[in-house]
Structures are given as C-alpha cells and as structure tokens.
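Trainee: return atomic coordinates for the entry below.
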Amino acid sequence: MKIIFQSLRVYLVLTLLTGILYPLAMTGVAQLLFPRQSNGSRIMESSKLIGSDLIAQKFENPKYFWPRPSAADYATVPSGASNKGPTAADLKKSIDERREKFGPNAPIDLLTASGSGLDPHISPEAGHSQIPRVANARNLAPEKVSALVDEMTEAPQLGFLGEPRVNVLRLNRALDQLR
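Mentor: Predicted coordinates for the structure are as follows:
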C-alpha cells in the first residue's frame, strides 16, 4: 500500500512539473522573448487578420503568385503529405496536370506538394516562372514584377541553412501595393 501512495505522489508531482509548470514557463519565456513568433507570426492589416508568415494560403487569381500545391488543400487540420510514392500513377497524373498549368519547364516546387501541404514559400525560380502571367494580368512591366520578386527573396537562415525562398503572401501583399 505504501508503494501505491508513493507512486501516486510521484505521478502527481511529475504531472504538475512536466504537464503544467514547465509548459507555462516555456509559454511565458516564448511570449517574452519571441512574441510575434509565439503568436503564430500573424499578419494583420487594419487590425484584421489576413494570414500568417508560416502557413500557405490558396491563391488562384492570375494576378497573384501561386504557392506550392497542397495535398491537404491548404487546410491546417488535415495537413500532411499525400504519401504517394514515385511509382504511383495518380502522383504522375497530378504532376502532369500541374505541368500543363505551369508550363513544361516549371520548377519542381510548383509541380510537387510540400511535406506539410502548408509551405508558405516558393523558390525564386518558381516566382520568376510566374512573372509573365502576373505581369500580364496586372498590366505591369515584367521587369518591375521581376524586381519585386528579387527584392522579396529571403536568404538562407543564418546564411547557410536552407535555400533562398520567397514568402508568397508577403510577395502578393507587396504586389498589391505596387502602383
């Protein structure tokens, strides 16, 4: 009986420490040191939430840059990859359909979905491949749109982690502000 009470006490103490106190402390530290990131890197406009730097949004209008395809249709709850293998016929079919949509020389990130289905970035090459469509739809000079893509290209983190990338939501917001 003594062992049962000791076990219960250890269980309660560990639950309190690791299940309540530690998460509250980490949440407090995150809110203090990284308030924007710990609140989802939300993008606000006129006190209205329009998106997040971290989650892709569906853009289909020709006057906007389009993000990577999403296996989860950009929904956050069922996010994830399609789990289709390289020999899957329906994966080949969806890539062929995207190749028709984006052109025969489309960058790979416009042909394949990201692992989460919510990747907010595209490669600079994917951005540049969409310039003719976007410039034409907005009656803008392609050079002006190209310069904006170059300006919005982010370097790898810390200069060496990852690849150069372009946040699609930020790019489209900057495009809306172009006159």
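Trainee: next helix or strand past the one helix or strand R9 maps to?
Mentor: Secondary structure assignment for R9, by DSSP states H and E: helix 2-14. Once helix 2-14 ends, the next helix or strand along the chain (criterion: DSSP H and E) is helix 22-33.
Trainee: using CSV, list the CA coordinates for that next one.
Mentor: What follows is helix 22-33, C-alpha atoms only, in CSV (Å, rounded to 0.1, in the frame of the first residue of the first chain):
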residue,chain,number,x,y,z
TYR,A,22,7.1,23.6,-17.4
PRO,A,23,4.7,24.3,-20.3
LEU,A,24,3.5,27.5,-18.6
ALA,A,25,7.1,28.6,-18.0
MET,A,26,8.1,27.9,-21.6
THR,A,27,5.0,29.8,-22.9
GLY,A,28,5.9,32.8,-20.7
VAL,A,29,9.5,32.8,-22.0
ALA,A,30,8.4,32.5,-25.6
GLN,A,31,5.9,35.3,-25.2
LEU,A,32,8.5,37.5,-23.6
LEU,A,33,11.4,36.8,-26.0
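Trainee: if we can go back for a sec, what's the helix holding R9 packed up against?
Mentor: Taking 3 or more C-beta pairs under 8 Å, 6 or more residues apart in numbering; DSSP states H and E as contact, there are no helices or strands that helix 2-14 lies on. Backbone N, C-alpha and C define where each C-beta goes, glycine included.
Trainee: check the offset of that helix from the chain's centre.
Mentor: 44 Å (C-alpha atoms, centre = their mean, to the nearest Å).
Trainee: so, low pLDDT: which residues of this protein?
Mentor: 179 (pLDDT under 70).
Trainee: need the contact list for the residue nearest the centre of it.
Mentor: With distances taken as C-alpha atoms, centre = their mean, the residue of the chain nearest its centroid is P120 (2.3 Å). P120 makes contact with S52, D53, L54, I55, A56, Q57, P67, N167, V168, L169, according to C-beta atoms under 8 Å, 6 or more residues apart in numbering.
Trainee: can we see that at 6 Å?
Mentor: A56, N167 (C-beta atoms under 6 Å, 6 or more residues apart in numbering).
Trainee: got it, and the one 3 residues further on?
Mentor: By C-beta under 6 Å, 6+ apart, S123 lies in contact with P107, D109.
Trainee: pop the domain breakdown of this protein in here.
Mentor: Residue ranges for each domain of the chain read 2-37, 41-177, as given by automatic domain parsing.
Trainee: and the helices in the chain?
Mentor: 2-14, 22-33, 35-38, 89-102, 108-111, 124-129, 131-138, 142-152, 168-177 (DSSP state H).
Trainee: contacts for stretch 95-110 next, please.
Mentor: R68, L111, I122, S123, E125, A126, S129.
Trainee: any chance of the residues you listed in CSV, plus distance to M152?
Mentor: Shown next, in CSV, are these (distance: C-beta to C-beta, whole Å):
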residue, distance to M152
R68, 16
L111, 22
I122, 11
S123, 12
E125, 14
A126, 12
S129, 15
